[in-house]
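>>> Below: sequence and its predicted model.
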Amino acid sequence: MILRPGSVNGTDTTWVVEHNRYMDFSGRAYMEVGKITFKVYGPEWKKVYLFVNENTEKTAANGVMERLVKYDFDSLAPGDEFPMQTISSLEISLNESSEEVPSCALPMSECHDVKMPATDYHKDLYVTRAATKFTYIFDNQTSQEFDLSQIVINKGSNREYYMPRITYSSDPLSGSFDVSDYVVPNVENNNYYSFRKGYATRVEESKVTTLHPIYLLEGKYTDPDDERNYSMSATLNGIVYEEYFPDVPQLPRNTHVVVVITLRDQGIEWTVDVCPYGEYWLYPDFGI
């Protein structure tokens, strides 16, 4: 979606929809996007909003499918005033302890300010995944099989803003999504909860078992009694093993948490690696 300045009153600017184009990439490889152009007014500043997988649905507690992002972006037509406050306040929520963000179509979003010259112009833009990814790897170095029945992640958040409110310490276009700060809905310590997922997974002896990734929301929990946050547990052969995520006071979106659980005859060892998602270049050659 491309916006242009509307009426200007002092420092208050009304932004007006110039283009609102829905692009359906289903069934197509990202290399096949090709060249997409927009005819716009210039020279002037533009705001470019990127919404990806905004129609993603989850299964609600009553079994009915509902959208993660509850807004009809298609209703905004060229010439309409853009509801800046409404869009910036949109939230994604996970209301049940077993709910997670569907991995088949992760919601993504971003807003960019672009200075449009008086000539043809193109600019590289990026979008940010509105989820945190958890990958659990079980390295069984024993001669015993284990049955995994449950994973629990404590003190995550079940609410986040759909549009990222992030301050980067480096330019994301350089491939580095280093976050210096971010803002979350500050309700009862970010409305933290415990995510629980049941399994019927056999962790075979002398093998490495990698679980399907879990996608949850960014959080910013502050433990008043312990600097360690985001505790977790795994139930193996009916026994609950618990541990904190070491040195993880915050988990912004677009973060990948890799948990390696090593099973040895002497006991269990947990290691956690937190890193930004790997980037994927789409090369659509957007031109405005």
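Here it is on my side, so go on. Numbers count the residues shown, from 1 in each chain.
>>> which residues in the stretch 51-200 of the chain form helices?
84-88, 188-191 (DSSP state H, counting those that start in this stretch).
>>> Out of the ones you listed, name the one with the poorest average pLDDT.
When the helices of the stretch 51-200 of the chain are ranked by mean pLDDT, helix 188-191 comes last with a mean of 70.
>>> For stretch 66-82, measure first residue to last.
End-to-end distance for stretch 66-82: 24 Å, by C-alpha to C-alpha, to the nearest Å.
>>> Any buried residues in it, and which?
68, 69, 76, 82 (16 or more other C-beta atoms under 10 Å). Where you see a C-beta, it was placed from the backbone N, CA and C, and this is true even at glycine.
>>> next one: it to chain centre, how far?
Here stretch 66-82 shows a centroid-to-chain-centroid distance of 20 Å under the convention C-alpha atoms, centre = their mean, to the nearest Å.
>>> So for it, mean pLDDT?
So the average pLDDT for stretch 66-82 ends up being 94.
>>> How many neighbouring residues does the residue lying closest to residue 273 once chain neighbours are set aside have?
Distances taken as C-beta to C-beta, 6 or more residues apart in numbering put residue 258 closest to residue 273, at 4.5 Å, once the chain neighbours are dropped. Using other C-beta atoms under 10 Å, residue 258 is surrounded by 16 other residues.
>>> helices or strands up against the host helix or strand of residue 258?
Assigned by DSSP states H and E, residue 258 belongs to strand 255-264. If you count contacts as 3 or more C-beta pairs under 8 Å, 6 or more residues apart in numbering; DSSP states H and E, strand 255-264 packs onto strand 132-140, strand 229-236, strand 239-245, strand 267-276.
>>> Just checking: what are the partner strands of it?
Strand 255-264 has its sheet partners listed here by DSSP bridges as strand 132-140 (parallel), strand 267-276 (antiparallel).
>>> Next, the angle strand 239-245 makes with it.
140 degrees (axes from the mean of the first three to the mean of the last three C-alpha atoms, to 10 degrees).
>>> Can you give me the buried ones in strand 255-264?
255, 256, 257, 258, 259, 260, 261, 262, 263.
>>> Reformat the residues you listed as CSV; add pLDDT.
Output for those, formatted as CSV (pLDDT from 0 to 100):
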residue, pLDDT
255, 89
256, 91
257, 91
258, 93
259, 94
260, 95
261, 96
262, 96
263, 96
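>>> got those residues as JSON lines, with distance to residue 205 columns?
Shown next, in JSON lines, are the buried residues of strand 255-264 (distance: C-beta to C-beta, whole Å):
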{"residue": "255", "distance to residue 205": "32"}
{"residue": "256", "distance to residue 205": "28"}
{"residue": "257", "distance to residue 205": "26"}
{"residue": "258", "distance to residue 205": "23"}
{"residue": "259", "distance to residue 205": "20"}
{"residue": "260", "distance to residue 205": "17"}
{"residue": "261", "distance to residue 205": "15"}
{"residue": "262", "distance to residue 205": "13"}
{"residue": "263", "distance to residue 205": "9"}
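>>> of those, closest to residue 160?
residue 255 (12.2 Å; C-beta to C-beta).
>>> out of everything not next to it in sequence, what's closest to that closest one?
residue 132 is the one closest to residue 255 (C-beta to C-beta, 6+ apart), at 5.0 Å.
>>> Spit out the contact partners of the one you found.
Residues near residue 132 by C-beta atoms under 8 Å, 6 or more residues apart in numbering: 156, 215-219, 251-257.
>>> Identify, from these, the entry nearest to residue 231.
residue 156 (10.3 Å).
>>> how near is the closest one to residue 22?
With distances taken as C-beta to C-beta, to the nearest Å, residue 156 is found 32 Å from residue 22.
>>> For stretch 60-79, give me every contacting residue.
1, 16-20, 22, 51, 54-59, 82-83, 86-87, 90, 92, 95-96, 101-102, 107, 162.
>>> possible to save the contacts of residue 132 as a markdown table with distance to residue 234?
Below are those laid out as a markdown table (distance: C-beta to C-beta, whole Å):
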| residue | distance to residue 234 |
| --- | --- |
| 156 | 16 |
| 215 | 18 |
| 216 | 16 |
| 217 | 21 |
| 218 | 23 |
| 219 | 20 |
| 251 | 18 |
| 252 | 24 |
| 253 | 24 |
| 254 | 25 |
| 255 | 20 |
| 256 | 19 |
| 257 | 14 |
